[in-house]
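Student: Pasting the sequence and the predicted coordinates here, then a few questions.
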Amino acid sequence: MTRAGTVSEVFLAFLRLGVTSFGGPVAHLGYFRDDLVARRRWMDDRAYADLVALCQFLPGPASSQVGFAMGLQRAGFLGALAAFVAFTLPSAALLVAFAAGAWLFGGPVGGGILDGLKIVAVAIVAQAVWGMARALAPDGPRAGIAVVAVALALWAPGAVGQIGALVVGVVAGSVLLRGGAEEAGASTLSFGVPRAVAIGCLAAAAIALVGLPVLAAVTGSGLIALVDAFFRAGALVFGGGHVVLPLLQAEVVQTGWVSPDAFLAGYGAAQAVPGPLFTFAAYLGSVSSVGPGGIAGAAIALTAIFLPGFLVLVGVLPFWDALRGRPRARAAMRGANAAVVGILGAALYTPVFTTAVTGPGAFMLALVAFVLLTAFRVPPWAVVIVGAAGGAALASLGVV
């Protein structure tokens, strides 16, 4: 397949996006369209819409998968790698720096700043739940799927409940949501991926998902356990963005690798940086008590959490046109998306709300942050600054 651009062109374009793209995965898709579709004309709107639909259907970080695929379309596999590195590196580096400097936040005021970051996470996740519910569960059947997903995720915390909720969503969607208004579209995407390569990527993803936990148990290696935890989180999350929070919490907090306070402080800091939210994994890998920690741990966790989504994406690209033409597949996708809303709603309650909101002062700060995000449309990075300042003020005043 003839490529229209160069690897360096892709790298520079995505580096600019990686530095400036605040606001989460939905905002990232808007940035991509404005810069790469409307301005640079790397592909037309129909092809871009089809690509976004595909990545929303797959597990993994949707916006990063779209960027990876656009780099692949523009400059082959090296272009895909360039797009990933350039879009991911700025936020990952900032979060690793935050982890290295977290000790600076000692004392009452420093602790208040970290508390403020955790409180902002409440508002961020609440906004995500509200927005996703309006978009993905707008009718009775899908709202019902979301409620069942909340119950399952709370009843069986961790990956078991989340996977069960997704399975229920897929099954219920395929039965209840056939004949919806979504259309498959008529355009054809061609990324030049041979079917043998695609099948190899799918096989590699499946083997790693099954084999890594066995290998970690047999060897007792903390390094392999770290790779397994983040690979599994990246492989099992549907919807991307904030939905990875409960999966990561189950992998690193419930196992004792990262403390709840450090987890939520890092999650709050992740709202202040541009680029994909999955780079939160770099922070967790750097502070984890399992694995090498530091920059090496960050690189391992970051690679592991993105890898399954990219393997699955490359694996399905040659077959997407046939799959998306099937009504039951589209209905199952809508059911899975509704279940994602429920999983995120459960995460909003625990661990986010129950850990961060410990008194009336914290509740009021969370409410202010939520209103700033939803009513005043203040960018998340600015709300993070407000939250950090508010947390410091509450600590100075002795208000909780």
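Tutor: Alright, I've got the coordinates.

Student: longest single helix anywhere in the protein?
Tutor: The residue-count maximum for a helix in the chain (DSSP state H) belongs to helix 62-100.

Student: Next up, the contacts around H28.
Tutor: Residues in contact with H28 (C-beta atoms under 8 Å, 6 or more residues apart in numbering) are 17, 21, 63, 66-67, 275-276. Using the backbone N, CA and C atoms, a C-beta is placed for each residue, glycine as well.

Student: Show me the two of these that sit farthest apart.
Tutor: V66 and G275 (13.3 Å; C-beta to C-beta).

Student: Comparing the two, which residue is more hemmed in?
Tutor: G275 (28 against 25; other C-beta atoms under 10 Å).

Student: separation between the residue lying closest to S91 once chain neighbours are set aside and F22?
Tutor: What sits nearest to S91 in space, not counting adjacent residues and going by C-beta to C-beta, 6 or more residues apart in numbering, is G275, at 3.5 Å. Separation of G275 from F22 (C-beta to C-beta, to the nearest Å): 9 Å.

Student: quick revisit: how close does the residue nearest to S91 sit to V109?
Tutor: Counting by C-beta to C-beta, the separation of G275 from V109 is 29 Å.

Student: picking that back up, and the residue nearest to S91, that's in a strand?
Tutor: No: counting by DSSP: H, G, I helix; E, B strand; the rest coil, G275 is not part of a strand but coil.

Student: need the contact list for it.
Tutor: Neighbours of G275 in contact, by C-beta under 8 Å, 6+ apart: 18-19, 21, 28, 87-88, 90-92.

Student: top of those by neighbour count?
Tutor: The residue in these with the most neighbours, by other C-beta under 10 Å, is F87 (29 neighbours).

Student: ok, A172 - contacts?
Tutor: For A172, the contacting residues are 141, 145, 148, 335, by C-beta under 8 Å, 6+ apart.

Student: want to throw the residues you listed into JSON lines with secondary structure and neighbour count?
Tutor: Formatted as JSON lines, the contacts of A172 follow (DSSP: H, G, I helix; E, B strand; the rest coil; neighbours: other C-beta atoms under 10 Å):
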{"residue": "P141", "secondary structure": "helix", "neighbour count": "17"}
{"residue": "I145", "secondary structure": "helix", "neighbour count": "30"}
{"residue": "V148", "secondary structure": "helix", "neighbour count": "18"}
{"residue": "G335", "secondary structure": "helix", "neighbour count": "26"}
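
Student: need those residues in a markdown table with distance to L51 and pLDDT, can you?
Tutor: Below are those laid out as a markdown table (distance: C-beta to C-beta, whole Å; pLDDT from 0 to 100):
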| residue | distance to L51 | pLDDT |
| --- | --- | --- |
| P141 | 27 | 95 |
| I145 | 26 | 96 |
| V148 | 30 | 97 |
| G335 | 22 | 88 |
